[in-house]
Every structure is written in C-alpha cells, then in structure tokens.
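K.L.:
this is a predicted model, with the sequence first.
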Amino acid sequence: MQVNSQQWEDDGYIILREVIPPDRLESLRASYETLVERQHQIWAGELDWDEPIATDYKAKQPRLVLNSVVDADTADAVEFCLHDNTLGVSRQILQAPEAAPTAMFFMCNPKTDHGPDRWHRDIVGARLAPLRGLQEDMLANTPLSVQWNIPLYDDDVLWIVPGSHRRANTAAEDRQLAENRRVPLPGSMPVELKAGDGVVYSSMILHWPSNYSTKRRRVIHLGYRPFGGQVYPYGAHFYWNLRFTRHLSPAARAQFERFAQLSDEEHDRVEAFFRAVLAKDEAAFRAELAVLHPGEAERIVCVVLLSRLATKIHELRTPEIANLPFSARAKAVGDQRTSLYLAEDIAGRFSTEELALLKQRFAPLEARLGNDVEMPSDFGVEEFITSWA
C-alpha cells in the first residue's frame, strides 16, 4: 500500500481503506475477540496469565495491551502490526529506513455509558518537550511518530482538527476549550471508518473521542517510531519486551528481535551522549547528538527530550523510588509498567553520583522550560554547551 507522505505532513492524518484485507477481517475479529474474553477472565480473577496488563473494564475506554495477552492461537492479532499496510505505511510516512511498533493496543467499549471525552493532544510537555518544539522539529525534518486507529466494525468515535498538528491552539479553540472541552471544535470533523479501514495520524493533532458509549467498539490502536531517520522521536520506548515473541512465528519473532536490537543500539548512543555531557566533552557531545538527531535543524529538541530522560533516570535511582515495587516505580516517574524496563536499563548504566551530576548539567536548560507549549527563544545547543562552564 502506497501513501502520500506530504498529505500526512499537511493534514496530520490519512484515511486508508481496507487496511485489513477483506479476506482477513473475520479471522482477525475472531482472534481479537478471544483476547477480549481472555482479558475479562483475567480481570475477573478466573485466569492466571504471565502479564495481565490492561486498562480495567470499568474505565471509560477499556484497552488491552496485545502483547500481554497473546498466545500462539491468536498470534495473527500481533503479527498484523508487521503488515505492509501498517508497518510498511508507517515507514513511508516516517521517512526512515526502519520503523518499529512502540505500542500495540486494542480499544473496546465500556460497560456503562461515559459519553464524550475531552479534546486533547497526546503530548505532555512536562515529560517530553514543548509542543511547538516537537512541531518545529517535525516541520524542519521528518515525522517523529505515527499512530493508528483500525476498527474491526464501523467506527466514527474519533474527531480531529485537520492541520492542527502543525500549530498551537488558536484563540478561538482556546475559548471553546475553556467553555466546554466535550463538544465539536470549529473546523473539526469526524473520522468515519468502515470495518477494516484505518486512519494514521499524528499524536500532536487535536483530537476528540466523541462518545464512549456501550455501543460495540473494537479498534486496533498502534504506535510506531522511526529508526535511522532525521529525528530522535518522542515516545521512543517500547510498550513491550521480547518475552511475548515466543508465541509468534519465526519470521515475526525475528522482526521483533531486530527492533529490540535497534533499541539496544540507541541506548548505547544515549549513554555515550550522557557521558559526553558528564565529561563536558564538546566534540563527543556534538558527535553523539548528530547520530541521535541527524537533521541539523532543531537539534535542541533532541537535547530537551534527553534532558527529560535524564530527570527520569535520576528519579529512578533515588532511595524513595528505587526501593518501591516495579509498578509503584513506574507510577512515581510517570511511566508505564510495560516500558519502564527500558528507562531502568539506561539508569543502571550510571552511578547515583553520575545521575545527580547529569541532572545538574541539564538544570540550566530545564530552568528555561517553563512552558509546555513554547520552546525558549534564547537557549539552543550552543547555549547548552556554554552552560557547562
């Protein structure tokens, strides 16, 4: 399946028909329904499972973590995430030699009617980088990530504001959001999908889950990140580890092993970047930054993302957090149980003293990041290097 990457860059989304080939729709429905039933048994305490991670069925949007409940009989539910219509299209949009799934979720209807949710962007500036920085990085280089909704039954719950992934909120949007965040915004539109269609979109776009009702809903929700492109992506960590791949075909297992290898190699580069900052080694810092973010423009956004990672791994090694159970550690640093192990891998490469010093090195940059929307206008890569003095 070929797509127009420019359309995604301009509008922030592309609607694609028959992402699920028609001859696979019924078999995928059966596999996903098996996973839903399995998750309900886990929630009810009727079934023990290795990794029973999912949003509770009482939530407004119950969500399964596919890799946590898959087995050999339902492997096609995960292996579809490697299809040319999903992984292949994502690679085209990301304009990178390789791409990998970060998240493989399945969204369902709740047991009781929760009505409309709120308009939002899937960006938390305090954990990542200011919105405008991420947007400018995308506009100057290539997309930093993509996400998908692929319904197994007709679906029109998602609404979007086309083009809003490229800009901050308008004054009119902010007025409407302040008055009521649960009604259509000016210029918004529903994403109307038939069973098996898909929408691939930017997590930075303004979007709205318009109705979390009890109407049957079954939507594959995927995220992908680039490897080897022009940017260091936000949301770089995987919500999976390799344990689940024992259920997959050898070919699919090999692909996930490749993704894990790429992640390990990136962790080596992040470690080298942090060690250059610790040593105040300008030449090594510039070299590692160029590897992590090959695009010359907006490299400061990569520095901000890694500054936020430095804060997280420092927190993970503080006594009050380090001694907590795994789930509590994840909650304490605002991470997910399924991806915390990746941050802990990087944290484990440094001593407590090194992490405290690393946080200190990034403190001047963090002091300039008081806004979740705008990047500081007077602090770039050169100023960050100067701040080490």
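P.N.:
In hand now; what should we look at? Numbering: from 1, shown residues only.
K.L.:
per-residue pLDDT, the residue nearest the centre of the chain?
P.N.:
The centroid of the chain falls nearest to residue 235 when counting by CA atoms, centre = their mean (4.2 Å). We have a pLDDT of 82 for residue 235.
K.L.:
name the SS class of it, please.
P.N.:
When classified by DSSP: H, G, I helix; E, B strand; the rest coil, residue 235 comes out as coil.
K.L.:
and stretch 84-94, how far from the chain's centre?
P.N.:
15 Å (CA atoms, centre = their mean, to the nearest Å).
K.L.:
mind exporting it as CSV, just the C-alpha atoms?
P.N.:
As requested, C-alpha coordinates have been extracted for stretch 84-94 and formatted as CSV (Å, rounded to 0.1, in the frame of the first residue of the first chain):
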residue,chain,number,x,y,z
ASP,A,84,2.8,-3.8,4.9
ASN,A,85,-0.4,-1.9,5.4
THR,A,86,0.6,-0.9,8.9
LEU,A,87,4.3,-1.1,9.5
GLY,A,88,5.0,-0.5,5.8
VAL,A,89,2.8,2.6,5.6
SER,A,90,4.3,3.9,8.9
ARG,A,91,7.8,3.6,7.5
GLN,A,92,6.8,5.6,4.4
ILE,A,93,5.3,8.4,6.5
LEU,A,94,8.2,8.4,8.9
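K.L.:
buried residues of that stretch, list them for me.
P.N.:
The neighbour-count check on stretch 84-94 (16 or more other CB atoms under 10 Å) flags 85-87, 89-94 as buried. All C-beta spots, glycine's among them, are computed from the backbone N, C-alpha and C.
K.L.:
with stretch 3-21 instead?
P.N.:
Buried, per 16+ other CB under 10 Å, within stretch 3-21: 3, 5, 8-9, 11-14, 16, 19-20.
K.L.:
next: stretch 299-310.
P.N.:
299-310.
K.L.:
given the helix or strand hosting residue 105, what are its sheet partners and their directions?
P.N.:
Using DSSP states H and E, residue 105 sits in strand 98-108. Here strand 98-108 has these sheet partners by DSSP bridges: strand 63-65 (antiparallel), strand 218-227 (antiparallel).
K.L.:
could I get the ones you listed as JSON lines with mean neighbour count?
P.N.:
Formatted as JSON lines, the strands paired with strand 98-108 follow (neighbours: other CB atoms under 10 Å):
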{"stretch": "strand 63-65", "mean neighbour count": "22"}
{"stretch": "strand 218-227", "mean neighbour count": "23"}
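K.L.:
ok, back up a step: after the strand holding residue 105, which helix or strand is next?
P.N.:
Following strand 98-108 toward the C-terminus (DSSP H and E): helix 131-140.
K.L.:
what is the rounded mean pLDDT of that next one?
P.N.:
96.
K.L.:
which stretches in this protein count as strands?
P.N.:
Using DSSP state E, the strands of the chain run over 13-16, 63-65, 98-108, 146-151, 158-160, 189-190, 198-201, 207-209, 218-227.
K.L.:
any idea how far the fourth one is from the chain center?
P.N.:
Mean C-alpha position of strand 146-151 versus that of the full chain (CA atoms, centre = their mean) differs by 12 Å.
K.L.:
just checking, what packs against that strand?
P.N.:
Under the contact definition 3 or more CB pairs under 8 Å, 6 or more residues apart in numbering; DSSP states H and E, strand 146-151 sits against helix 89-94, strand 198-201, strand 218-227.
K.L.:
just give me how far the second one sits from the chain centre.
P.N.:
I take that to be strand 198-201. 14 Å.
K.L.:
residue 12 versus residue 6, what's the distance?
P.N.:
Going from residue 6 to residue 12 by CB to CB, to the nearest Å gives 12 Å.
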